[in-house]
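A.B. asks: 3D model of this:
(one chain, ligands or ions: 2)
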Amino acid sequence: MTPFTFTRAADPAAAIARATADGARYLGGGTNLVDLMRETIEQPAALVDVTGLDQAITELADGSIRIGAAARNTAIAEHRLIRTRYPVLTRAIVAGASAQIRNMATAGGNLLQRTRCTYFYDNEGSRCNKRQSGQGCDAIGGFHRGHAILGASDACIATHPSDMCVALAALDASVELDGPTGPRSVELADFHLLPGDTPHIETVLQPGELITAITLPSSPLAARSTYRKVRDRASYAFALVSVAAALEVEHGLVSGVRLALGGVAHRPWRCRVAEGHLVGRSASEETFLAAADAELAAARPLADNAFKIELARRTIAATLADLAENGQ
Ligand SMILES: Cc1cc2nc3c(=O)[nH]c(=O)nc-3n(C[C@H](O)[C@H](O)[C@H](O)COP(=O)(O)OP(=O)(O)OC[C@H]3O[C@@H](n4cnc5c(N)ncnc54)[C@H](O)[C@@H]3O)c2cc1C
Ligand code: SF4
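C.D. replies: Ligands and ions are numbered 1, 2, ... in the order given. All right, here's what the predicted structure looks like:
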């Protein structure tokens, strides 16, 4: 590991002041960043520990929920307001990693965890445009069974690995930021970028910007929500395809729906096309499959990951059917 300095930030202003130094990075639970440092994929000159900052999960006057960026994944999943009002978020977090990792991982770090593309981690032997711009992408002609089918580019076909972010995309969450130019708020759905020609630029974060909180808007619909994750092993594996969904049915017709996919794109994939297809139609398997087909018409798979289209199609339909029948 390359030598680095380590400091603990006492408040956001102190963290931002320290992080504006060259080569400085924020440190959450360290469950991703430290691994990347060991592999010399990331080599920060300074780490600014932000786990002592805001960990509170609070209800605001308008009924929205604010989650401090230093809140641990376990604390979020177990919180009474999250379990009862946003069950999709609890289920998504619990579907990820292991209990030990969830106890360490923070909300801010989860948003910024990096892809699990094996070529990205193979610093010595593989070409990767995300590690080094213009180098090439060994996944495209290589092993890409787990890679993206939506929104990918000729430069990168990696997927975003977070389960939590898929639920946040479906919930219309926003990310609160602070930095050298002051505070701002970004919709979660706009926070992560598609790869285009610059796959090394993964989010809209500016240098030195700190994630301070995540906000979940008040939503009666969110109480009828769930998360389904399809993976190679029953636990401790990243998603091949995952679905975060909330559904409201009145007199047999879909009156409200939120849908997002994980494991299929460089960012959590909010399914606006499918949502538009569902509202006002009968809550039937036929409708659910047709909505999934409409969303997945944009899919551009490679040889080894074409199975994800049918997998996503059936997982969307099964998840919506569960919600229509059981509300979860
Ligand atoms: C074996 C293993 C299995 C896993 N399985 C899953 C899984 O199935 N599903 C899943 O979703 N995840 C999984 N994970 C990933 C895990 O969820 C992430 O490692 C974790 O969420 C990262 O959080 P952290 O706080 O430890 O981040 P860190 O590793 O501390 O940081 C990650 C990034 O976030 C930045 N950062 C941290 N906090 C802030 C902040 N407040 N503002 C700005 N930048 C910040 C850091 O600079 C760094 O770039 C797995 C991880 C491991 C090691
Ligand atoms: S898919 Fe993206 S992350 Fe993976 S090797 Fe290609 S450029 Fe790198």
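A.B. asks: switch to C-alpha atoms for all contacts and neighbour counts from now on
C.D. replies: OK.
A.B. asks: and this protein, which residues reach ligand 2?
C.D. replies: When proximity is defined as CA under 6 Å from any ligand atom, the chain approaches ligand 2 at 117, 119-120, 128-130, 137-139, 155-158.
A.B. asks: redo the residues you listed as TSV? Include pLDDT and neighbour count.
C.D. replies: Shown next, in TSV, are these (pLDDT from 0 to 100; neighbours: other CA atoms under 10 Å):
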residue	pLDDT	neighbour count
Cys117	98	19
Tyr119	98	22
Phe120	98	23
Cys128	98	25
Asn129	98	20
Lys130	98	23
Cys137	98	23
Asp138	98	19
Ala139	98	22
Ala155	98	22
Cys156	98	26
Ile157	98	27
Ala158	98	32
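A.B. asks: also near ligand 1: which of those residues, exactly?
C.D. replies: Okay, of the residues of the chain next to ligand 2, nothing touches ligand 1 (CA under 6 Å from any ligand atom).
A.B. asks: pick the one among the residues you listed closest to Leu177.
C.D. replies: Checking those against Leu177 with CA to CA, the nearest one is Lys130 at 23.9 Å.
A.B. asks: wait, a strand at that closest one?
C.D. replies: No - assessed with DSSP: H, G, I helix; E, B strand; the rest coil, Lys130 is coil; it does not lie in a strand.
A.B. asks: isn't it right up against Thr159?
C.D. replies: No - counting by CA atoms under 8 Å, Lys130 stays clear of Thr159, with 11.8 Å between them.
A.B. asks: which neighbours do the two have in common?
C.D. replies: Common neighbours of Lys130 and Thr159, counting by CA atoms under 8 Å, 6 or more residues apart in numbering, are absent.
A.B. asks: follow-up on the earlier one: now, the residues of the chain next to ligand 2 that are in helices?
C.D. replies: Mapping these onto helices (DSSP state H) picks out Tyr119, Phe120.
A.B. asks: that's a strand at Leu7, yeah?
C.D. replies: To be clear, residue 7 is Thr; Leu isn't right here. Yes - counting by three-state DSSP, Thr7 falls inside a strand.
A.B. asks: what's the pLDDT at it?
C.D. replies: The per-residue pLDDT reported for Thr7 equals 96.
A.B. asks: in contact with it, which residues?
C.D. replies: Per CA under 8 Å, 6+ apart, neighbours of Thr7: Ala46, Leu47, Val48, Asp49.
A.B. asks: secondary structure class for the second one?
C.D. replies: Using three-state DSSP, the secondary structure recorded for Leu47 is strand.
A.B. asks: which ones are touching Ser126?
C.D. replies: Contacts of Ser126 (CA under 8 Å, 6+ apart): Tyr119, Phe120, Asp138.
A.B. asks: right, and ligand 1 sits closest to which residue of the stretch 151-300 of the chain?
C.D. replies: Relative to ligand 1, the nearest point of the stretch 151-300 of the chain is Ser162 (3.3 Å; CA to the nearest ligand atom).
A.B. asks: skipping adjacent residues, who's closest to that residue in space?
C.D. replies: Leaving aside its sequence neighbours, Ser162 sits nearest to Asn110 (CA to CA, 6 or more residues apart in numbering; 6.7 Å).
A.B. asks: ok so the one you found is a helix residue?
C.D. replies: Yes - assessed with three-state DSSP, Asn110 lies in a helix.
A.B. asks: number of nearby residues for Arg83?
C.D. replies: Neighbour count for Arg83, taken as other CA atoms under 10 Å: 16.
A.B. asks: can you pull the phi and psi angles for it?
C.D. replies: Dihedral angles of Arg83 (phi, psi; degrees, to the nearest 10) stand at phi -60, psi -40.
A.B. asks: quickly note the distance from Ala298 to ligand 2.
C.D. replies: 19 Å (CA to the nearest ligand atom, to the nearest Å).
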